[in-house]
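# Quick one, what's the 3D model for this:
(chains A and B)
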Amino acid sequence: MRNFLSAALAAGALVLPTLLLPGVARAQETPPLPQLNWSFNGPFGTFDRASAQRGFLVYKDVCSACHAMKYVHYRDLAGIGFTEAQIKAIAASVDVPMIKSDGTAGTRPGLPSDAFASPFPNEEAAKAANDGVVPPDQSVLVDARAGGPDYIYAILTGYTKPPSGVRVPSGLYYNEYFPGHLIHMPPPLQPDQVTYTDGTKATLDQEARDLTTFLYFVSNPEMEARKRMGVHIVIFLALLTGLTYAVKRKVWSDVEH
Amino acid sequence: MAGLYKSEIKNPVLRWVDTRLPVITLMNREYAVFPTPKNFNYFWNFGAIATVQLMVMIATGVLLAMHYVPNTHMAYASIQTIMRDVNYGWLLRYIHANGATMFFIVVYVHLFRGLYYGSYKYPRELLWMLGVIILLLMMATAFMGYVLPWGQMSFWGATVITNLFSAIPYVGNHITTWLWGGFSVGNPTLNRFFALHYLLPFVLIGVVFFHVVALHITGSNNPLGIDVKGPQDTVPFHPYYTVKDSVGICVFFLVYAIVVFFAPRFFMAPDNFIRANPLQTPPEIVPEWYFLPFYAILRSVPNKLGGVTLMFSSILVLFVLPWLDTSRVRSAKFRPLYRPFIFLLVIAVFVLGEVGAHKPEGIWVLLGRIATTYYFFHFLVILPLLGKLETPLPLPESISKPVLAGGGPMPGAAAAKPMERA
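Predicted structure coming up:
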């Protein structure tokens, strides 16, 4: 019986690691994702303000030409250190569609309370302009992809020459990390695609990192508050657990058990 | 005075209430002085933890319902509003969404405790069956709750699961249409799922109440699985078990908090962050982890009706468990053959869980079939036979007298009084 038990335990030991690492077997076709050291990683991670602000610039100058971000508001930019004046200016630079008092369509300058303006008025327009495919909304894009920020970074930097023998149809592009490798999005970032105002050199790697940091922020704007609260709550609960256990020991000390 | 309860409460105000509605006496009897076996281990925490977790889910759920919109056009956007604009909305949602995971972990451990220590046996059969009803209600509630965010997995999970009913001969398609309120999962489906998701937890409270009432009639089982022989075997519930349960609840909240604050999306499928799109099937439709073993059983049968039947049977078999297990000894501690088999069952369930997460191809089909076979073999063949073949170890004379401290070893069957052998 003892042998039987140890065999059963060994079987369990074989199964458990695969249980704990979902998706290990699924990523065979593509190379493993690069594991970057993000500023927002770990229990005390925060958003690198400078990087996220540069990332917003990349989004504004490049991504927003095709991708909507309709669940994010200009006021949310305060979360990565933009000042009230900056946010007002950013919002005001956008024309927001409105119905004028005479009932005709018009536009007005954006306000911090407005949602990010979408590049296309509706899905059909987005499809028509993009070869029949709607560019995904970026509000929660990081959370909507397995691998999260590492995957986003990998896609942004993963455009390579197709291996010999792979034919890439026109309108598609070869990307190492994209499932199936053929992606509709043309390589979005080139070195020096944007001009950073803080003097940072706009390499492809830098742009991809900055943009990913920004996209992680818009997907998880609550992260810093959440982790800060979490540290307090975990410390409190750890103390409470210790205290409760001590009381339990004291209460049970007169019982023979 | 006729009709008034003779309360022993001293405080005049409380006494006034208690003579008219003796809830204070009731609480005192059932939760303060209630005699409880003194030898519980920490496995006995999980019932209390599950009760607390039900309250956490209802509290956060009611608050979320104040901001959620059960309409296919607005559901996904309302989740975004909750996460971004509602004060502490992200906290409520992460507590609620991860709460389902924590709830199932607790309930599965609670269920394992029952299996391992024979808590389902005479006289606790009905108590156990009420527990199985609670599990079924929880599963229905969790399934419908997962549909509400209206992401890709919400929509396609709902489509797959509701489609199972179409396997019923003759009326299956009609039932499915009736469940949907249309000809596919759509707005009527989402709206009624929300109504039921709000209703069922309160039904759960009712069944949990009966579960607890039944428990207080039979009294708790204990790790030795023998009956309480007298006051020397018990301690009053308060303060002994109120404080011990509090320790468990604190540890539970500690783990829960770490998930909510530092890894809130660990158990969430990335696909469910994409808005539901009826025209685009995701590459893989995978249910939440707590349904994976059942999903694996469903897919291990090549026939749809067969798979559905087997999947529902895997829960229904638990209803008749008290009569399938023919052994009169409760605790696995004294059952040398049952012990390895129950661990094998746990392994089979873990294997099924892993199989459920993979596409049904290659080795996963075979593993799924082996584990499914063992699952049913365990309940339908091994348990009935084991009671006849197994020689139990000597049972202790009582909870306060460990097995060898008293009159020396006695054959288990002879030492046990008829009540606890039953």
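
# closest point of the stretch 101-250 of chain B to chain A, which residue?
B:Cys250 (4.0 Å; Cβ to the nearest Cβ). Glycine gets a C-beta too; all of them are placed from N, C-alpha and C.

# which SSE is that residue in?
Using DSSP states H and E, B:Cys250 sits within helix B:237-262.

# re the thing from before, show the pLDDT at the residue of the stretch 101-250 of chain B closest to chain A.
The score at B:Cys250 is 98. That number is its pLDDT.

# what do you get for A:Glu256?
Value listed for A:Glu256 in the pLDDT field: 78.

# Could you report the separation of it from B:Gly248?
Going from A:Glu256 to B:Gly248 by Cβ to Cβ, to the nearest Å gives 22 Å.

# More neighbours: which of these two?
The neighbour comparison of A:Glu256 against B:Gly248 (other Cβ atoms under 10 Å in any protein chain shown) goes to B:Gly248, with 22 against 7.

# Return the residues in contact with that one.
By Cβ atoms under 8 Å, 6 or more residues apart in numbering or on different chains, the residues touching B:Gly248 are B:42, B:45-46, B:48-49.

# go again using 6 Å as the cut-off
Applying Cβ atoms under 6 Å, 6 or more residues apart in numbering or on different chains, we find B:Gly248 in contact with B:45, B:49.

# Could you count how many residues lie near residue 221?
Since no chain was named, I'll use chain A. For A:Pro221, the neighbour count with other Cβ under 10 Å is 22.

# that answer is for a different chain, and I need it for chain B
Residues near B:Asn221, counting by other Cβ under 10 Å, number 24.

# Wait, it touches B:Ser119, no?
Yes: the pair B:Asn221 / B:Ser119 is scored as a contact, 4.3 Å apart, by Cβ atoms under 6 Å.

# before we move on, back to that, going by neighbour count, list what's buried in the helix holding B:Cys250.
Neighbour-count burial for helix B:237-262 flags B:237-241, B:243-254, B:256-257, B:259-262 (criterion: 16 or more other Cβ atoms under 10 Å in any protein chain shown).

# Distance from it to the middle of the chain?
18 Å (Cα atoms, centre = their mean, to the nearest Å).

# Which strands or helices does whichever helix or strand A:Phe56 is part of pack on?
In this structure, A:Phe56 sits in helix A:49-61 according to DSSP H and E. Using 3 or more Cβ pairs under 6 Å, 6 or more residues apart in numbering or on different chains; DSSP states H and E, the elements in contact with helix A:49-61 are helix A:204-219.

# Now look at whichever helix or strand comes after the helix it packs on and say if it contacts chain B.
For helix A:204-219, the following helix or strand on the C-terminal side (DSSP H and E) is helix A:223-252. Yes: under the criterion of Cβ under 6 Å from any Cβ of the partner chain, helix A:223-252 makes contact with chain B via A:226, A:230, A:233-234, A:237, A:240-241, A:244-245, A:247-248, A:251.

# Can you give the distance from helix A:223-252 to the centre of its chain?
Distance, stretch centre to chain centre, for helix A:223-252: 31 Å (Cα atoms, centre = their mean).

# Let me know the angle separating that helix from helix B:237-262.
160 degrees (axes from the mean of the first three to the mean of the last three Cα atoms, to 10 degrees).

# Pull out the buried positions in helix A:223-252.
Applying 16+ other Cβ under 10 Å to helix A:223-252 flags A:223-224, A:226-227, A:229-230, A:233-234, A:237, A:240-241, A:244-245, A:248, A:251-252 as buried.

# What of stretch B:150-169?
Neighbour-count burial for stretch B:150-169 flags B:150-167 (criterion: 16+ other Cβ under 10 Å).

# quick one: the closest residue to A:Glu256 other than its chain neighbours from B:Tyr146, how far?
Nearest residue to A:Glu256 in three dimensions, chain neighbours excluded: B:Ser400, at 7.4 Å (Cβ to Cβ, 6 or more residues apart in numbering or on different chains). Per Cβ to Cβ, B:Ser400 is found 47 Å from B:Tyr146.

# Mind exporting the C-alpha coordinates of stretch A:219-233 to PDB?
Taking Å, rounded to 0.1, in the frame of the first residue of the first chain, the C-alpha atoms of stretch A:219-233 are listed here in PDB:
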ATOM      1  CA  SER A 219      -5.500  49.000 -19.200                       C
ATOM      2  CA  ASN A 220      -4.800  49.100 -15.500                       C
ATOM      3  CA  PRO A 221      -5.100  52.800 -14.400                       C
ATOM      4  CA  GLU A 222      -5.900  51.700 -10.800                       C
ATOM      5  CA  MET A 223      -2.600  49.700 -10.400                       C
ATOM      6  CA  GLU A 224      -0.600  52.000  -8.200                       C
ATOM      7  CA  ALA A 225      -3.500  52.700  -5.800                       C
ATOM      8  CA  ARG A 226      -4.300  49.000  -5.800                       C
ATOM      9  CA  LYS A 227      -0.800  47.900  -4.900                       C
ATOM     10  CA  ARG A 228      -0.400  50.600  -2.300                       C
ATOM     11  CA  MET A 229      -3.700  49.600  -0.600                       C
ATOM     12  CA  GLY A 230      -2.600  45.900  -1.000                       C
ATOM     13  CA  VAL A 231       0.600  46.400   1.000                       C
ATOM     14  CA  HIS A 232      -1.400  48.000   3.900                       C
ATOM     15  CA  ILE A 233      -4.000  45.400   3.900                       C
END
